[in-house]
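Novice: Any chance you can model this:
(one chain, ligands or ions: 1)
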Amino acid sequence: MIEKRKKEGNRPHGGIDRDRKGPRKSAHGGDKGPLRGIEAALEVWREVRRGRFASESLRAISDRVSEKDRPLAATLVYSLIRRESLWKEIVGRFLKTGSSGVSPAVRDALMVGAAGSLELRTFEPRVLVNALVEWTKCRDERGARVVNAVLRRIVEGGPEILAEIERSVAFSDLAMRSGVPLWAAKSWESSFGRIEGRALIELHSQPVSLALRVSPGVDRTEMVRCLGEGGFPAVESPDLPFSIRLEGTALPTGLPGYDEGKITPQSESSMVAPLAFAGRGKFSRLLDMCAGRGGKTGQLAQTFPEASLEGWDLSGPRIKAAVKEMKRLGISDRVNFSVGDSLELAPSFVPDGVLLDAPCSGSGTWRRHPESKWRLSQDELARYGAMQAKLLGRALDLVSTGGTVLYCTCSLFREENEQVVAKAMSKRSDVVELEPPHELVSRCRKGRPWGYYTWPDNPWTDGFYMALLTVIA
Ligand SMILES: C[S@@+](CC[C@H](N)C(=O)[O-])C[C@H]1O[C@@H](n2cnc3c(N)ncnc32)[C@H](O)[C@@H]1O
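Specialist: The predicted model follows:
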């Protein structure tokens, strides 16, 4: 039995039927309808368990799932991932043998069944249970009986347990129902205090939507009208004069105006970062030390049309995407990119502004990318902190005297934020913090003591941290 499980875990990734024994067949005799969505959700969930992002896996199998079933699969798998620890807890209460006593196929079916039957109203519980039993039968004949029995008990008794957890005032239940790992919830409570920490945890059960940055020279009102006519209801953001808020999420390529560079999908928290520079007057040489796919590089270039820019990143594919992004925005001639380690590369100029959008845990974007939260450990957080401190030290070495360094992360952990700034400042006596522009500060929470946070307190804004520093003579 153990041997068999090991093999299953090691099998290469593949399509919906790949790891079934025997001839390829639908687990439900080729039925159309919800089963295909459920089967796809199971495949994606298994890929996520192996370290992939759900969005990536959904894309990879999209041509094997009918258009009608795609949203079903996505909704199901994301409900599972968002509150993984909650479903695990509920499954554990009904599975008397404990989850280590059953095969991975049984565990997967139970997790999908718990999330689907208790959170989503799209599924008729009987249909969902039958589909999961059939799916399990193809992998673990005996296990299918367990799935049948346990899921029927969950459908019956699960709502009461869920209601109990929803009502509970226990801190661990708050974390579980909000989909925040307990260790992270404790860390936020200790960083932000009891009331604020709990409020932050609760924000994690709120949905997310897409925001669009409007390029300079584009009429925002007209753009909103265009999007609406194209089937994407949108409104002008009351918080930022160049942001549009969509009602939901959408693939950028499907949006009117995207190909022409008129709009760029970006969360509002990330859009405010370049505003921190804007309060510091003019810049002529800007360095983006971790340019990634060029999201903020493009905005910096648009905000400072007179400046030359250089962008670096360790990842070749990301820099390739950044080059493409500059073309889309029509600013290719303004930015030079290099692939390499920012701790070693040398800029072609002495920058008067350095953006360090550091690699981080991404904890501020957990509502958008829920897989990452279950993978992160406190050890990894410490490794991020060490890397970020080195990168910030390098940014301060590179910037001109009197120049500006903007350090930012999409993390809500002090270990990646205030503590990194404190470490960098403790190494040099010539670094001081600058006050960002008032319109930015007024939307933020003060870090303790360094920097500012945005919180994920509306669907278009993520958790984000920024600290503006300068090197004095
Ligand atoms: C938060 S992302 C940057 C996102 C980007 N600024 C944007 O707005 O789209 C961090 C980036 O840092 C890059 N990175 C990590 N370590 C690096 C290093 N030592 N040198 C250069 N880039 C690095 C990663 O490849 C990743 O693209």
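
Novice: For the nearest residue to residue 172 once chain neighbours are set aside, grab the count of nearby residues.
Specialist: Distances taken as CB to CB, 6 or more residues apart in numbering place residue 182 nearest to residue 172, at 5.8 Å, with adjacent residues excluded. For glycine as for every other residue, the C-beta is placed from the backbone atoms N, C-alpha and C. If you count neighbours by other CB atoms under 10 Å, residue 182 ends up with 13.

Novice: Residue 182 contacts residue 175, correct?
Specialist: Yes. If you go by CB atoms under 8 Å, residue 182 and residue 175 touch, sitting 4.9 Å apart.

Novice: Overlap of the contact sets of these two?
Specialist: Taking CB atoms under 8 Å, 6 or more residues apart in numbering as the criterion, residue 182 and residue 175 both touch residue 85.

Novice: follow-up on the earlier one: what pLDDT does the model give the residue nearest to residue 172?
Specialist: pLDDT, residue 182: 97.

Novice: Identify the residues contacting it.
Specialist: Taking CB under 8 Å, 6+ apart, we find residue 182 in contact with 85, 172, 175, 176.

Novice: Let me see the backbone angles for the first one.
Specialist: Same thing as residue 85. phi -70, psi -30 (degrees, to the nearest 10).

Novice: what does the last one give?
Specialist: Here the main-chain torsion angles of residue 176 (degrees, to the nearest 10) amount to phi -70, psi -50.

Novice: helices and strands around the longest helix seen in the chain, which ones?
Specialist: Ranked by residue count under DSSP state H, the longest helix found in the chain is helix 141-167. Helix 141-167 sits against helix 84-94, helix 104-119, helix 125-137, helix 171-178, with contacts defined as 3 or more CB pairs under 8 Å, 6 or more residues apart in numbering; DSSP states H and E.

Novice: Pick the most buried one from those helices.
Specialist: For those, the largest average neighbour count (mean count of other CB atoms under 10 Å) is found in helix 104-119, namely a mean of 25.

Novice: which residues of the stretch 301-450 of the chain score low on pLDDT?
Specialist: Along the stretch 301-450 of the chain, segments meeting pLDDT under 70 are nowhere present.

Novice: Which positions in it make contact with the ligand?
Specialist: 312, 313, 314, 315, 318, 341, 342, 343, 357, 359 (CB under 6 Å from any ligand atom).

Novice: Please check those and keep the buried ones.
Specialist: By neighbour count, with 16 or more other CB atoms under 10 Å, these hold 312, 313, 318, 342, 357, 359 as buried.

Novice: which of the contacts of residue 182 sit farthest apart?
Specialist: 85 and 172 (9.4 Å; CB to CB).

Novice: Tell me where the chain has strands.
Specialist: Under the criterion DSSP state E, the chain carries strands at the ranges 211-214, 234-236, 243-246, 263-265, 285-288, 308-313, 335-339, 353-357, 404-409, 431-433, 445-446, 452-454, 464-471.

Novice: ok, for residue 314, nearest residue in space, not its chain neighbours?
Specialist: Leaving aside its chain neighbours, residue 314 sits nearest to residue 341 (5.9 Å; criterion: CB to CB, 6+ apart).

Novice: repeat for residue 328
Specialist: residue 261 (4.8 Å).

Novice: Could you check how far that neighbour is from residue 334?
Specialist: Note on residue 261: its distance to residue 334, by CB to CB, to the nearest Å, is 13 Å.

Novice: now swap in residue 464 and tell me
Specialist: Using CB to CB, we find residue 464 at a distance of 25 Å from residue 334.

Novice: Between those two, which is the more surrounded one?
Specialist: Using other CB under 10 Å, the more surrounded residue of residue 464 and residue 334 is residue 464, with 27 against 20.

Novice: Might one say that the more buried one is in contact with residue 457?
Specialist: No. Counting by CB under 8 Å, residue 464 does not reach residue 457; the two are 11.4 Å apart.

Novice: Any idea which residue of the stretch 101-250 of the chain lies closest to the ligand?
Specialist: In the stretch 101-250 of the chain, no residue comes nearer to the ligand than residue 213, which is 11.0 Å away by CB to the nearest ligand atom.

Novice: most centrally placed residue in the protein?
Specialist: residue 369 (2.9 Å; CA atoms, centre = their mean).

Novice: Tell me the spacing between that one and the ligand.
Specialist: Here residue 369 is placed at a distance of 12 Å from the ligand (CB to the nearest ligand atom, to the nearest Å).

Novice: Okay then, goodbye and thanks.
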